[in-house]
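> 3D, please:
(chains A and B)
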Amino acid sequence: MNVALKMDQVYRGDYTFANSPAAIRRFPLPFPEDRYMYSVNIEPHVAGPVGSVIEFPIDCDEHYVEECHERALVIRRDPLRIQALPHMMSAQWDTLELGMLSLSQSYPEQFTLTRQGRRWHWINRPLGLDQQFTFGDPASLPRPPLEYITRQLQGDWVIMDQRDNDLWVEGGMVTGPADWSMDFDMGMSFKEWHGPVPLGHEMGVFDRALKFLLNLRLNEPVRRYNWTMTVNPNLDSSPHNYDEWGPDRTTVTLENVAKILHLRTELQGLWRLPRSNGIVFMVRTYMLSLGDVASIPKWARRVHRVLRDLHPPLVDYKGLTRHRPIAVAYLSQFDDGSPTTAGTAPE
Amino acid sequence: MSQSHADTIPVRVVAAEQVTPQIKHFTFAPIAGGELPAFSGGSHIIVVMRGAQRVYRNPYSLMSSPNELDNYQISVLRVDPSRGGSAFMHEQVRVGTELEIAHPVNLFALAKLARKHLLLAGGIGITPFIAQLHDLRLTDVPYELHYATRSPEHGAYCELIAQAEPQRARLYHDSARRFIDIEGLLSGQPLGTHVYVCGPAGMIARVLDTARALGWPESHVHYERFAAPPTGEAFDVYLQKSGIDLHVLPDQSLLEAIEAAGVDAPYLCRGGVCGFCRTEVIGVEGELVHNDHFLSNEEKASGKAIMPCVSRARCSKLILNL
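Got it, this is the predicted structure:
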């Protein structure tokens, strides 16, 4: 079978997406405790344990090639998934530099960057790319810098300008969102962007998060985790194609829940950009089927408890209303009530 | 959330030049070789100076080109009387001296959506604009610079500016009775203009007041104010969370005393502007002396918070939640 055709079915159609045993164990479980509530859970994005998703600033995992393929597929169908306002050009170059430096330093066998002043040479072996270009000159690249680099990165990427004591969403590549839209959010301020999130505004979460991010420093990136659930490993759960994935939400049963319902963790990273003084926001998505969750006894107990006791407004916001009872019923068989150890490690 | 500032960059002074009787120009190169971090015009760095008695951390605007990263350049005005930092830079630092600097921070960034940039510099306040001019030359947005100094001899960079920007810069010297016509300039700008001012406190105040009186939107008025922390009487402090007693000397800032006690306190601008070092006051036996431009008058009057980078206390004891 044609490799490209086969890759068309990873995140759609036949949904051939699967995690290896190693990928299951490195899945970033978003619950450090047996219950979940919002907090400004921002921490320095410093190197974590070897093999973990935070070993390197930008993680490149076993899904790299198929995820880049999926991105190309989505953009072909909907070119508005990549956008940037004209004044974001320096932030585009900043993002390209971050991506190339990070990948080439973290994975030297797969990626090589050679720089002589503004003359750069980029080699991406997994995707078979070899590109010489002039840093700062868009005409020297086959695509605008943000699109060029994010077609070679996993996760969604949003660039924000900082002005008037606020952060403005003014560019991004978003092909794998958990039900939000770059096209809809373009030009929004930080609080407009987070408008739909329940509870957080009353708790002052966004005031504090914004204040913190406005003072984000160079070389001191931060991260946080967010999560939701998705029926089928459907990376592109966007409002633009709700007609395609929305109906799937009615198909969950106790028989298929282990296979088709996925816990979806977002590793979100934020970097201050040097030349533009903007900020780049990475939303890196990891998906794990509930059956794979249940294969780790501690995770089965913890996810059971989190879902069972979840605050009702969050159940609705995260789109879990229909299938949460089924997930809780499924996971309850693995929860004998014994305590879980601290932290998110598999044990 | 970490507020650690351990991550400094070791640099070596590769050039030091007295450009006026009070101003010295320094060029730093990374000891590790290669390039220093990229930055945007308007950024400042903190230079860590390890004096015999004390450690000084002073902010200085980067004035080198953001496109040339093999070195950073700053200018240091010798303040008289100096609390130690500027005197240290003038007397102790020479070619070959090794220093540490923090990564650049930009609290005086150019507005990317401006239709025109109006830059107003007074004296040493020219430095952030020198870096910004490099950024501005790469855009199509119109800009003009007005640079005032006491006299041609005190104008450290008059010649440099006149040569680099013959069309777009105007120079003014107090000695020739030529002053920037702030009201005239601010009343005659096209819509969408952003104004930026960096210079003596009086000049900044005049620009801010004039802009406000003429109805400029706050979002279009930018200023950079690097005032040395005011001196005062010595006082005693108790850091409640750390369980540490400390003594603040007359010419030492509260923040410096906290750092000298080994407590890693947050800061960004070290000039009372950004609000990052805001600290909760648990109690004070005496009165707070607020010198910052961040807290509102109500907050200052409440006595519940202090900005340790510039503010102090006239008291027998100050208790902080730190």
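> So, low pLDDT: which residues of the chain?
Looking at chain A here, since you left the chain open. Scanning chain A for pLDDT under 70 picks out A:1-5, A:39-40, A:198-203.
> hm, I was asking about chain B
Low-confidence segments of chain B, defined by pLDDT under 70: B:1-6, B:227.
> Near chain A, which residues of it are found?
Residues of chain B lying close to chain A (CB under 8 Å from any CB of the partner chain) are B:1-2, B:7, B:37-40, B:43, B:66, B:103-106, B:109, B:111-113, B:219, B:268, B:274, B:276. Glycine gets a C-beta too; all of them are placed from N, C-alpha and C.
> Which members of those occur in strands, if any?
Among these, DSSP state E puts B:43, B:105-106 in strands.
> ranges for the strands of the stretch 101-250 of chain A?
Taking DSSP state E, counting those that start in this stretch, the strands of the stretch 101-250 of chain A run over residues A:111-116, A:119-124, A:129-134, A:156-163, A:166-173, A:222-231.
> Turn those strands into TSV, columns for mean neighbour count and distance to residue B:60.
Formatted as TSV, these follow (neighbours: other CB atoms under 10 Å in any protein chain shown; distance: least, CB to CB, whole Å):
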stretch	mean neighbour count	distance to residue B:60
strand A:111-116	15	28
strand A:119-124	17	31
strand A:129-134	14	32
strand A:156-163	24	22
strand A:166-173	24	27
strand A:222-231	19	26
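> Need those in TSV (columns: distance to residue A:329).
Formatted as TSV, the strands of the stretch 101-250 of chain A follow (distance: least, CB to CB, whole Å):
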stretch	distance to residue A:329
strand A:111-116	45
strand A:119-124	45
strand A:129-134	47
strand A:156-163	32
strand A:166-173	38
strand A:222-231	15
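> how near is residue B:86 to residue A:152?
According to CB to CB, to the nearest Å, residue B:86 stands 48 Å off from residue A:152.
> still on that earlier bit, got a quick ChimeraX command for the buried subset of the residues of chain B next to chain A?
In ChimeraX, a selection of the buried entries from the residues of chain B next to chain A looks like this (16 or more other CB atoms under 10 Å in any protein chain shown):
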select /B:37,38,39,40,43,66,103,104,105,106,109,111,112,113,268,274,276
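> closest to chain B out of the strands of the stretch 101-250 of chain A?
strand A:156-163 (5.6 Å; CB to the nearest CB).
> For the closest one, name the packing helices and strands.
For strand A:156-163, the elements it packs on are helix A:89-106, helix A:145-150, strand A:166-173, strand A:279-289, judged by 3 or more CB pairs under 8 Å, 6 or more residues apart in numbering or on different chains; DSSP states H and E.
> Quickly run through the sheet partners of it, with directions.
strand A:166-173 (antiparallel), strand A:279-289 (antiparallel) (DSSP bridges).
> Report the central residue of chain B.
residue B:226 (3.2 Å; CA atoms, centre = their mean).
> and that residue, that's in a helix?
No - judged by DSSP: H, G, I helix; E, B strand; the rest coil, residue B:226 forms no part of a helix; its state is coil.
> Give me the distance between it and residue A:329.
From residue B:226 across to residue A:329, the span is 63 Å (CB to CB).
> What segments of the stretch 151-300 of chain B are helices?
B:158-164, B:182-187, B:201-213, B:254-260, B:297-302 (DSSP state H, counting those that start in this stretch).
> residue contacts, the closest residue to residue A:289 other than its chain neighbours?
Distances taken as CB to CB, 6 or more residues apart in numbering or on different chains put residue A:262 closest to residue A:289, at 5.4 Å, once the chain neighbours are dropped. For residue A:262, the contacting residues are A:229-233, A:287-290, by CB atoms under 8 Å, 6 or more residues apart in numbering or on different chains.
> residue contacts, residue A:221?
Contact analysis of residue A:221 by CB under 8 Å, 6+ apart lists A:44-45, A:57, A:269-272.
> can I get the residues you listed in CSV with secondary structure?
Listed next are those as CSV, based on three-state DSSP:
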residue, secondary structure
A:44, strand
A:45, coil
A:57, coil
A:269, strand
A:270, strand
A:271, strand
A:272, strand
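> Buried only: go through the residues you listed for me.
When the contacts of residue A:221 are checked for burial by 16+ other CB under 10 Å, the buried set is A:45, A:57, A:269-272.
> partner residues bridging the residue nearest the centre of chain A?
Central residue of chain A (CA atoms, centre = their mean): residue A:284, 2.1 Å from the mean position. Per DSSP bridges, the residues bridged to residue A:284 are residue A:267.
> can I assume it is in contact with residue A:270?
No - counting by CB atoms under 8 Å, residue A:284 does not reach residue A:270; the two are 11.9 Å apart.
> what sits against whichever residue of the stretch 201-347 of chain A sits closest to chain B?
Nearest residue of the stretch 201-347 of chain A to chain B: residue A:274, at 3.7 Å (CB to the nearest CB). Going by CB under 8 Å, 6+ apart, residue A:274 touches A:94, A:218, B:37-40, B:104.
> check contacts around residue B:55.
For residue B:55, the residues meeting the contact criterion (CB under 8 Å, 6+ apart) are B:48-49, B:256, B:259-260.
> So what does it look like in phi/psi?
Per-residue torsions, residue B:55: phi -100, psi 130 (degrees, to the nearest 10).
> What distance do you get for it to chain A?
In this view, residue B:55 and chain A are 20 Å apart by CB to the nearest CB, to the nearest Å.
> Bridge partners for that residue, pull those for me.
Listed by DSSP bridges, the beta-bridge partners for residue B:55 are residue B:50.
> Same question for residue A:225.
residue A:267.
> residues in contact with residue A:303?
By CB under 8 Å, 6+ apart, the residues touching residue A:303 are A:29, A:31, A:263, A:290, A:293, A:331.
> just curious, which of those is nearest to residue B:303?
Using CB to CB, residue A:31 is the member of the contacts of residue A:303 that sits closest to residue B:303, with 41.6 Å.
> Give me the distance between the residue nearest to the closest one when sequence neighbours are not counted and residue A:299.
Among residues not flanking residue A:31 along the chain, residue A:306 sits closest, at 5.1 Å (CB to CB, 6+ apart). Distance, residue A:306 to residue A:299, using CB to CB: 10 Å.
> more neighbours, these two?
residue A:299 (25 against 20; other CB atoms under 10 Å in any protein chain shown).
> Surely that one is within a helix?
Yes - under three-state DSSP, residue A:299 sits within a helix.
> and the nearest residue to it once chain neighbours are set aside, which of the three is it?
In this structure, residue A:299 finds its nearest non-sequential neighbour in residue A:293, 5.2 Å apart by CB to CB, 6+ apart. For residue A:293, the secondary-structure state derived from three-state DSSP is helix.
> again, but for the one 10 residues further on
Assigned by three-state DSSP, the conformation of residue A:303 is helix.
> Then the one 4 residues further on?
Using three-state DSSP, the secondary structure recorded for residue A:307 is helix.
> Surely it touches residue A:330?
No - the pair residue A:307 / residue A:330 is not scored as a contact, 9.9 Å apart, by CB under 8 Å.
> Kindly compare burial across the helices of the stretch 151-300 of chain B and name the winner.
Among the helices of the stretch 151-300 of chain B, ranked by average contacts under mean count of other CB atoms under 10 Å in any protein chain shown, first place goes to helix B:254-260 (a mean of 22).
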